[in-house]
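Q: predicted coordinates and the sequence they were generated for:
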Amino acid sequence: MRKVKDRPLRADDRIRQGILDMIIGTLALIVGILFCSTTITFGMVEPGGESTGFLAEGLIAGSLGCLVFGLGAAQYLKAAIEAGYTDDSL
């Protein structure tokens, strides 16, 4: 079996990876929003502030989704600049 050397990804591959990260981040954010909204809508938050549902999990999923989206957007923009794209070519 041939060993593949570690090499940096081309700019086009990093652009695709950045887009994929943005899509995954968006989906995680949507799941987090759905968890939080269903927890609040169906009254799973007790008057004392304790959550009996998925409020904390939803906030964590939404926060991670925002983080992944931001990292993907930064990777996409950095790769696009390195590839020499202009506003008209994107």
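A: Everything's here; your move.
Q: how about residues contacting stretch 63-70?
A: 21-22, 24-32 (Cβ atoms under 8 Å, 6 or more residues apart in numbering). From N, CA and C alone the C-beta is placed, and that goes for glycine too.
Q: buried residues, that stretch. List them.
A: 64-65, 68-69 (16 or more other Cβ atoms under 10 Å).
Q: dump those into a markdown table; add secondary structure as well.
A: Supplementary listing: the buried residues of stretch 63-70 in a markdown table, determined by DSSP: H, G, I helix; E, B strand; the rest coil:
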| residue | secondary structure |
| --- | --- |
| L64 | helix |
| G65 | helix |
| V68 | helix |
| F69 | helix |
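Q: wait, R14 touches I81, no?
A: No: applying Cβ atoms under 8 Å, one finds R14 not in contact with I81, separated by 10.9 Å.
Q: biggest helix in the chain by residues?
A: Identified as the longest helix of the chain according to DSSP state H is helix 11-41.
Q: all set, thanks.
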